[in-house]
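A.B. asks: Pasting a predicted model and its sequence here:
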Amino acid sequence: MPNALRNPLLPGFYPDPSICRVGNDFYMITSSFMLYPGVPIFHSTDLVHWEQIGNVLDRPSQLHLSGTPLAGGIMAPTIRYQEGVFYIINTNFSSKGNFIVTAADPRGPWSDPIWLPDVDGIDPSLFFDDDGRCYISGTRRQKNADGTTGAQVIWMAELDIKAMKLISEPVDIWGGALVNAPYPEAPHLYKKDGWYYLVIAEGGTEHFHAVTVARSKSLNTWFEGYKGNPVLTHRHLGNDFPIGNPGHADLVDTPDGRWYAVLLASRLVGGYHKNLGRETYIVPVAWEDGWPVFSPGTGKVEWSYPNPGLPVSPITLKAAREDFSSKKLGMDFIFLGTPYQDFWHIEQGWLTLKLLPREMSPEQQKITFGKSEPDPSIPSLAFIGKRQIHLSYRTGTKMRFTADGEHEVAGLAVVQASNHQLRLEKTQMDGRQIVRLVQVTCDFHGFPFSPDFQSQTTTEVLAAADCPWPVTILEIRQRVQDIEFLFGPDENTMVLLAEHVDGRLINPEKVGGMIGTCLGMFASSNGQASQNKASFDWFDYQALQE
């Protein structure tokens, strides 16, 4: 189907999508967790072709991240529009909690965070009623009479959108479709035909994820659950079904009155492995007897749907090779954590990274949802890369670097978290310049959110070879779960360093986290001071045939 709606709509680590329409324009955002800049924002007029138009949180003053690639960060944003202003409400688990940012133009600039200390819990969402009044819904734990925490529920309260303060007491409105439903979260409110609809996720964001819905004729009351719940899930399709864990949906209507939902799901590879993490998908939605029907006719997420028939807005595809001809990085480049330190610059077509003391793979930390103040003294990680967006791909770079000691490394990395990586790096050993393949894995006890979480990181050199050239080509080729690593003095003289490396270790379930794979350039002096630098002439990323 030419110009069909194809899934995933946003391939790669773009989870928790939220969408709104202003006239003929659709705007969509996603979570970014520990990636900086935060909250990528996309635009479309036809729901088929999406173009990134910016990053909402693109200044250190907006986004404090601890720098650990796994722990905390930005989760579950919601975007809404009202009377000439775009609003995004979100949670930063590495800072002060819930906040709102605003902009007149979705391309930015966006305001600094307006913190909401009276807004409890996670996954806050905004709803503007017909009279212009604004309401927040969110997820929190009930408090028992003895002071202990009870079941997780969806709550709502009215928000003074000018003062950014709650002006009514929070009221619990639903506990999910299942009795004692695990993790009812990600609420969104809508109004249609005189009903208020509440769409949520429940079951947890993994295999048992689901979309459920409830409705009410009024706000601030307990909602009536739909007897046809869940309206979308793949929990009953088994681990081998190629699309897993759909949920966390947000609805949008088209100018001609049709409805769609964007949601997260994952492509599963070779059993329950999802290296790319949670991606953005889309399904059509019909309304029957006052309730939404997701993906009518099949009830599951399909790889494609008919074109919505909206005015086509094709986008210009980016070149596979980034040649650093501009002094600014493209908006799809990411850092791991807020780059407080000035460690990179582009000069004469080369991207240069200072070797920083911070290691690429420190021991994994427990995820804590603390509310901390921004701290520019937190060491930066000298890593710049992109999200992996294809199951099979080729990535490479041309690097100029000579290690001054065995503690100095620079190269190309496949990063799932701080404790699961594959690094093709140049260093010094016994006075010689070498290139080596380093594999980092982790055994852990408990989920990283749990108080008893413990981990043990293992670092292993899988292969090594002499690399006397001051300028070296590094290349990684992955076909589904089979990875090979190459190096050489130029692109026509490449040497195979390692092949048939198992890609299944780069998998969120193995890691114990919720992010997707990133690929990029790095430099580290591994805990020691260094004046050395690594420079990169270009960075390649392109899809391969599977």
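C.D. replies: Sure thing, it's come through.
A.B. asks: where does this protein dip in pLDDT?
C.D. replies: 1-2, 67-71, 271, 362-374, 445-451, 453, 508-513 (pLDDT under 70).
A.B. asks: I'd say K191 and R215 touch.
C.D. replies: No. Using CB atoms under 8 Å, K191 is not in contact with R215, being 10.1 Å away. Where C-beta positions appear, they are placed from N, C-alpha and C, glycine not excepted.
A.B. asks: shared neighbours of those two, anything?
C.D. replies: Y197 (CB atoms under 8 Å, 6 or more residues apart in numbering).
A.B. asks: So these two - more neighbours on which side?
C.D. replies: Comparing K191 with R215 by other CB atoms under 10 Å, the one with more neighbours is R215, at 19 against 13.
A.B. asks: so that one bridges to which residues?
C.D. replies: R215 forms beta bridges with Y197, E224, as assigned by DSSP bridges.
A.B. asks: Distance of it relative to W174?
C.D. replies: When distance is defined by CB to CB, to the nearest Å, R215 is 10 Å away from W174.
A.B. asks: anything in contact with each of the two?
C.D. replies: 198, 223.
A.B. asks: Leaving out chain neighbours, which residue sits closest to S32?
C.D. replies: Distances taken as CB to CB, 6 or more residues apart in numbering place G38 nearest to S32, at 4.3 Å, with adjacent residues excluded.
A.B. asks: For that neighbour, give me its contacts.
C.D. replies: With CB under 8 Å, 6+ apart, G38 has these contacts: 32, 55-58, 62-63, 65, 73-74.
A.B. asks: wait, which of these is closest to K426?
C.D. replies: L65 (28.1 Å; CB to CB).
A.B. asks: measure N507 to T441 for me?
C.D. replies: Counting by CB to CB - N507 and T441 are separated by 11 Å.
A.B. asks: For these two, work out which one has more neighbours and name it.
C.D. replies: N507 (23 against 19).
A.B. asks: So the spatially closest residue to that one that is not a sequence neighbour: helix, strand or coil?
C.D. replies: Excluding the flanking residues, the one nearest N507 by CB to CB, 6+ apart is H273, at 4.7 Å. Following DSSP: H, G, I helix; E, B strand; the rest coil, the label given to H273 is coil.
A.B. asks: can you count the residues close to H273?
C.D. replies: So H273, with other CB under 10 Å, has 22 neighbours.
A.B. asks: repeat for P470
C.D. replies: 12.
A.B. asks: residue contacts, it?
C.D. replies: 400-402.
A.B. asks: With G503 instead?
C.D. replies: G503 makes contacts with 275, 478, 480-483, as judged by CB under 8 Å, 6+ apart.
A.B. asks: tell me which residues in stretch 474-494 are buried?
C.D. replies: Across stretch 474-494, burial judged by 16 or more other CB atoms under 10 Å covers 474-478, 481, 483-488.
A.B. asks: Return that stretch as PDB; C-alpha atoms alone will do.
C.D. replies: The C-alpha coordinates for stretch 474-494 follow below in PDB (Å, rounded to 0.1, in the frame of the first residue of the first chain):
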ATOM      1  CA  LEU A 474      35.400   1.500  12.900                       C
ATOM      2  CA  GLU A 475      32.300  -0.400  11.700                       C
ATOM      3  CA  ILE A 476      29.500  -2.500  13.200                       C
ATOM      4  CA  ARG A 477      27.100  -4.600  11.200                       C
ATOM      5  CA  GLN A 478      24.100  -6.200  12.800                       C
ATOM      6  CA  ARG A 479      21.700  -8.500  11.100                       C
ATOM      7  CA  VAL A 480      18.800  -9.200  13.600                       C
ATOM      8  CA  GLN A 481      20.800 -10.800  16.400                       C
ATOM      9  CA  ASP A 482      24.100 -11.500  14.600                       C
ATOM     10  CA  ILE A 483      26.700  -8.800  15.000                       C
ATOM     11  CA  GLU A 484      30.100  -8.400  13.400                       C
ATOM     12  CA  PHE A 485      32.800  -5.800  14.100                       C
ATOM     13  CA  LEU A 486      35.400  -4.400  11.600                       C
ATOM     14  CA  PHE A 487      38.200  -1.900  11.500                       C
ATOM     15  CA  GLY A 488      40.800  -0.700   9.100                       C
ATOM     16  CA  PRO A 489      42.900   2.200   7.800                       C
ATOM     17  CA  ASP A 490      40.300   3.100   5.200                       C
ATOM     18  CA  GLU A 491      36.900   2.000   4.000                       C
ATOM     19  CA  ASN A 492      38.400  -0.200   1.300                       C
ATOM     20  CA  THR A 493      40.800  -2.100   3.600                       C
ATOM     21  CA  MET A 494      38.600  -3.400   6.400                       C
END
